[in-house]
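1. Build me a structure from this.
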Amino acid sequence: MKIFVIISFLIVGTIFSQNQYEIEKSGYLSEIRETRHGLVFSDNMGSGLYLLSGNDVEKIVESPNCGKFYSVDADGNLLGYKKIREDGSQTPAIYDLRSGKITEVWEKGDKCGQVSFAKGGIYAFMVDKQLVVIRDEKAEIYDIGHYSNIAPVSADLNYVVFNDLSDNLWLYNLLKGDKRKITDKGGYFYPEWAENGKRFVYRSFTGDLLVYDIETGSTYELGTGDNPTWNSDGEYLIFDRKVITDMTLEGSDIYISKFDGTELKRLTAGKENLMEPTFSIDGKRVIYHNYEGGEIIERGFDFNDFRLPDQEKRIKPKLSIKFYEIQGNGEEVKTLDIPYVNQVYDTPDWHNGHSSCGATAGVMTLAYFNILPKWEGYCAKPSPHYNNWGRYVAEKYRYGERAYELQVDDPNGNPAWGGHGYLWRGGSPRTKMSGWLANHKVSVEFKEPPTYEEVISEINSNYPYTLCVMLTTAGHIIVGHGIHQERTLIFNDPYGNKNTGYFNWSGKNVKYDWPSYNNGFQNLTGVPWGIKTRFGIFGAADSVVDDGQLDKGFYLHTKYPATMFRWYDRNVGYANNHMWYAFSNGTTHTDTCYATWKPKLSRDGAYEVLVYIPFSNATKVIYKVFHKDGMDTVVINQKIYASQWVSLGKFNFLATGNGYVRLGDATGVAGQQMIFDAMKFNYMGDFISGTEEVEGVAGGFKLYENYPNPFNPSTMIQYELPERGMVRLRIYDILGKEVAELVNNEQEAGRYEIEFDGRGLVSGMYICELSIGKQIRTIKMSLVK
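-> Numbering: from 1, shown residues only. Sure, this is the predicted structure:
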């Protein structure tokens, strides 16, 4: 049984997923153990070790993650933990409950492991790839070939169990010096020995408990479970079992089982979420805590009937959580620049993003691969700002011949669409996220669970890895994209940086420790599933500009009144089997949707500009070519072409210039499907005089640059007609408003000159448009007063 049991319980999932983040922020109890001197426990951040003696609580140890994976010796007098300083250095340490003394048992370094205890005052820990055993104050060194933060020795000191890079477990015989691999699929961690040294329990990334028996070599599967504790004779385990539906904690209760999975019994059944049980030293009581209430609960226990009596003792200790930011803990080995989106602060203001970690993580991956155009959205909190990607999380958009318009309400009851609606409508991120990314042409591979070795291999190949992790009790989705040091990865966390306390706006490039490892950062705790993502990212444009080169030569306009729901696309086209299209509008001067193609040319000269048209039904589209000598308008009937390059003419361009081509939807003919695909600029030689027309395309008439330009108050405009025709010469301001009509009649072939008087107009840029039938030419004129 996996930790995620998928149930169609959408309403509960979206309403209550916010609670787990709030509880993480306020804090809760963790890792309760009874000692000879009282109860020792930590907080959810692992920021300290607390001692509860009677009703008095004292924080006895305080350092980053000292409360993670600590151990207690068999006599209940010593605590073994890893001391990590804020400069990142670490050393194994022991706290003596009798004297309150802390002893650092090895010199500080960058790879030291947790302390484990054997009988007779012996203890052990890892230093890099060596196991150090301290016996009678003397060190014994064993080279086991792997660094493993948790490498506990058996009580009789016959064995040590440890992790490898693939998250498999190995058993090393300290007496014989040989080792054997006991798991082969990866995704296993946190082994804990029974006191009799005959067996140990370990966990899977997917939330299962397993027991390995040394004598028989057998592995027993106990099913879903977490936070196991052995009884004193090593025959039974007590643990919690959580019910998690659609990344929402539905319940958690206490169970007991014999080591081989038999005699399984549920000990609690109530409304509280009860977690992290442990046996008292005498074995006559069970101690655990309630997740939301922050209370430690003690109840008697009788092994004869496996029953917890109703009588209980409760105490609510006060936590004093400290947040740390580790500095100087190694240098980044590898990191990718992933655009950051916060699920709360960077999504639309009307959207409650507390349940949108999956959609937000997915959008960050799509942004890194440069698949979707920037779609700027205004966000008011925590301070006014804009984000280019957050609207995809909750607003309707189109891509891959799909409309992302499935509606799911957010925790506030507001309708949401986009990635959030797709992932939560009839499923969850676990079941639908791979398909959503694949719909955007991303190559995906779902892994349950992924191993550390697989994740870092992808990152080293420049591919991000989407991970579902147990940073929160019910799961959370983040994007892995960097390696900080061994077993510490770099992530974009859509909910912020847990190291400083959820939630916040600082989730870009945060560092988290891999399950069962401890470099002072918050621990992923578990990795139930992940998605390997790959996509061939386009480089910058050169003389060919494709629609896949977003902001690298190709620009798709998405600002108001355009939206990504007004843009359409098809999985056909030139270089990337993709093209965009929009429907033309009935105006002639105000584009709603438009695109530009800007090449990077190697030399000055004349270039033939060609546009690729897969298919179209638009009989009139208006290309504006901005070149060295000004701007020309070329009208094309896209409908007559199919899967071919079409010439717009020959124009002069500078290699260092700002030449580009623009196509907008303002054609004067509404409802036609206009195609936006690739453009190429073919070098033809030295500059040409004037503009060489393409027969049947530009019509052969010319509009020359006005003189003077800039002008005040008047300027002369010249144009040339190759044949008789109906001529209109109009002036527009920069917003497309007509300010003057200079000609509107039929004229014979020839060259004409007309004066335009700008008195009465304000300074600024104006457009002069010459049209003959369906053919149009335009120039820009600058009035300076």
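2. contacts, neighbours, all on C-alpha from now
-> Noted.
3. Phi first, then psi, for the residue nearest to S53 when sequence neighbours are not counted.
-> Among residues not flanking S53 along the chain, G38 sits closest, at 4.7 Å (CA to CA, 6 or more residues apart in numbering). The phi/psi pair for G38 (degrees, to the nearest 10) reads phi 130, psi -170.
4. bridging residues for G38?
-> T35 (DSSP bridges).
5. Tell me how far it lies from G76.
-> The gap separating G38 from G76 is 9 Å, by CA to CA, to the nearest Å.
6. cool, T525 as well?
-> Going from T525 to G76 by CA to CA gives 26 Å.
7. likewise S355?
-> 42 Å.
8. More neighbours: which of the two?
-> Comparing S355 with G76 by neighbour count (other CA atoms under 10 Å), the higher total belongs to S355, at 26 against 18.
9. in terms of contact, does that one touch V408 like I think?
-> No - counting by CA atoms under 8 Å, S355 sits too far from V408 to count as a contact (11.1 Å).
10. my guess is Y392 is in a helix, correct?
-> Yes - counting by DSSP: H, G, I helix; E, B strand; the rest coil, Y392 is part of a helix.
11. nearest residue to it other than its sequence neighbours?
-> Here the residue nearest Y392, using CA to CA, 6+ apart, is G418, at 5.5 Å.
12. Quick one: residues contacting the one you found.
-> R391, Y392, V393, A394, E395, K396, Y397, Y404, E405, L406 (CA atoms under 8 Å, 6 or more residues apart in numbering).
13. got the domain boundaries for the protein?
-> 334-534, 544-685, 702-783 (automatic domain parsing).
14. wait, which of the ones you listed is closest to G177?
-> domain 334-534 (24.4 Å; CA to CA).
15. can you tell me the distance between the two ends of that closest one?
-> 17 Å.
16. Just give me the residue right at the centre of this protein.
-> Note on the chain: the residue nearest the mean C-alpha position is A361, at 3.0 Å, using CA atoms, centre = their mean.
17. Surely that residue forms part of a strand?
-> No - going by three-state DSSP, the assignment for A361 is helix, not a strand.
18. Pretty sure it sits against T466.
-> Yes - under the criterion of CA under 8 Å, A361 makes contact with T466 at 7.3 Å.
19. Pull up the overlap in contacts between these two.
-> I477, I478, V479.
20. Among those, which one has the most neighbours?
-> Going by other CA under 10 Å, I477 tops those with 29 neighbours.
21. Excluding residues flanking it in the chain, which one is nearest it?
-> For I477, the spatially nearest residue (CA to CA, 6+ apart) is C468, at 4.4 Å.
22. contacting residues for that neighbour?
-> Counting by CA under 8 Å, 6+ apart, C468 touches G475, H476, I477, I478, V527, P528, W529, G530.
23. Can you pull the phi/psi pair for it?
-> Dihedral angles for C468 - degrees, to the nearest 10 - are phi -90, psi 120.
24. Write down the beta-bridge partners of it, one by one.
-> Where C468 sits in a bridge, its partners, by DSSP bridges, are I477, W529.
25. quick thing: my sequence starts at 9, can you match it?
-> All right, first residue 9 from here; so that's C476.
26. For I539, see how far away it is.
-> 9 Å.
27. again with V487
-> 10 Å.
28. any residues in contact with both of these two?
-> Y473, T474, L475.
29. Distance to Q755 and pLDDT for those residues - can I get that in TSV?
-> Converted to TSV, the shared contacts of V487 and I539 look like this (distance: CA to CA, whole Å; pLDDT from 0 to 100):
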residue	distance to Q755	pLDDT
Y473	66	99
T474	66	99
L475	69	98
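30. Which of those sits closest to C120?
-> L475 (26.3 Å).
31. Contacts only, for N468.
-> N468 is in contact with K342, counting by CA under 8 Å, 6+ apart.
32. Give me the phi and psi for it.
-> N468 adopts backbone torsions of phi -70, psi -20, taken as degrees, to the nearest 10.
33. residues in contact with the residue nearest to S61?
-> G46 touches L59, L60, S61, G62, counting by CA under 8 Å, 6+ apart.
34. ok, the residues you listed vs F377, which is closest?
-> Nearest to F377 among the contacts of G46, with distances taken as CA to CA, is L59, at 49.6 Å.
35. what bridges to that closest one?
-> L59 forms beta bridges with V48, E66, as assigned by DSSP bridges.
36. Burial check on it, number of neighbours?
-> Residues near L59, counting by other CA under 10 Å, number 23.
37. Same check on N350?
-> N350 has 28 nearby residues by other CA under 10 Å.
38. which residue sits closest to it, ignoring its sequence neighbours?
-> Nearest-residue entry for N350: P502, 4.5 Å, with adjacent residues in sequence omitted and distances by CA to CA, 6+ apart.
39. From N470, how far out is the one you found?
-> Distance from P502 to N470, by CA to CA: 20 Å.
40. again with K116
-> According to CA to CA, K116 and N470 sit 33 Å apart.
41. same question, Y296
-> 44 Å.
42. How about N181?
-> 39 Å.
43. quick one on the thing from earlier: got a list of what the residue nearest to N350 touches?
-> Y348, V349, N350, Q351, C365, T368, A369, I485, I486, G515.
44. Would you state the strands of the stretch 59-208 of the chain in chain order?
-> Secondary structure of the stretch 59-208 of the chain (DSSP state E, counting those that start in this stretch): strands at 64-70, 79-80, 86-92, 98-104, 109-112, 124-125, 131-135, 138-143, 146-151, 167-171, 177-181, 187-189, 196-201, 207-212.
45. Tabulate those strands (a markdown table), appending distance to Y525 and mean neighbour count.
-> Converted to a markdown table, these look like this (distance: least, CA to CA, whole Å; neighbours: other CA atoms under 10 Å):
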| stretch | distance to Y525 | mean neighbour count |
| --- | --- | --- |
| strand 64-70 | 18 | 16 |
| strand 79-80 | 15 | 20 |
| strand 86-92 | 11 | 26 |
| strand 98-104 | 12 | 22 |
| strand 109-112 | 19 | 14 |
| strand 124-125 | 14 | 27 |
| strand 131-135 | 12 | 27 |
| strand 138-143 | 16 | 20 |
| strand 146-151 | 19 | 13 |
| strand 167-171 | 10 | 24 |
| strand 177-181 | 14 | 21 |
| strand 187-189 | 20 | 13 |
| strand 196-201 | 9 | 24 |
| strand 207-212 | 14 | 23 |
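46. okay if I get those strands as JSON lines plus distance to G556 and mean pLDDT?
-> Shown next, in JSON lines, are those (distance: least, CA to CA, whole Å; pLDDT from 0 to 100):
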{"stretch": "strand 64-70", "distance to G556": "52", "mean pLDDT": "96"}
{"stretch": "strand 79-80", "distance to G556": "54", "mean pLDDT": "98"}
{"stretch": "strand 86-92", "distance to G556": "47", "mean pLDDT": "98"}
{"stretch": "strand 98-104", "distance to G556": "47", "mean pLDDT": "97"}
{"stretch": "strand 109-112", "distance to G556": "57", "mean pLDDT": "98"}
{"stretch": "strand 124-125", "distance to G556": "55", "mean pLDDT": "98"}
{"stretch": "strand 131-135", "distance to G556": "49", "mean pLDDT": "98"}
{"stretch": "strand 138-143", "distance to G556": "50", "mean pLDDT": "98"}
{"stretch": "strand 146-151", "distance to G556": "52", "mean pLDDT": "97"}
{"stretch": "strand 167-171", "distance to G556": "43", "mean pLDDT": "98"}
{"stretch": "strand 177-181", "distance to G556": "45", "mean pLDDT": "98"}
{"stretch": "strand 187-189", "distance to G556": "47", "mean pLDDT": "96"}
{"stretch": "strand 196-201", "distance to G556": "41", "mean pLDDT": "98"}
{"stretch": "strand 207-212", "distance to G556": "41", "mean pLDDT": "98"}
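47. Out of the contacts of P502, which two sit at the greatest distance?
-> Going by CA to CA, the pair spanning these furthest: Y348 and I485, at 13.8 Å.
48. returning to what we had before: may I have the secondary structure class of the residue nearest to N350?
-> coil.
49. Relative to N517, how far out is it?
-> Distance from P502 to N517, by CA to CA: 11 Å.
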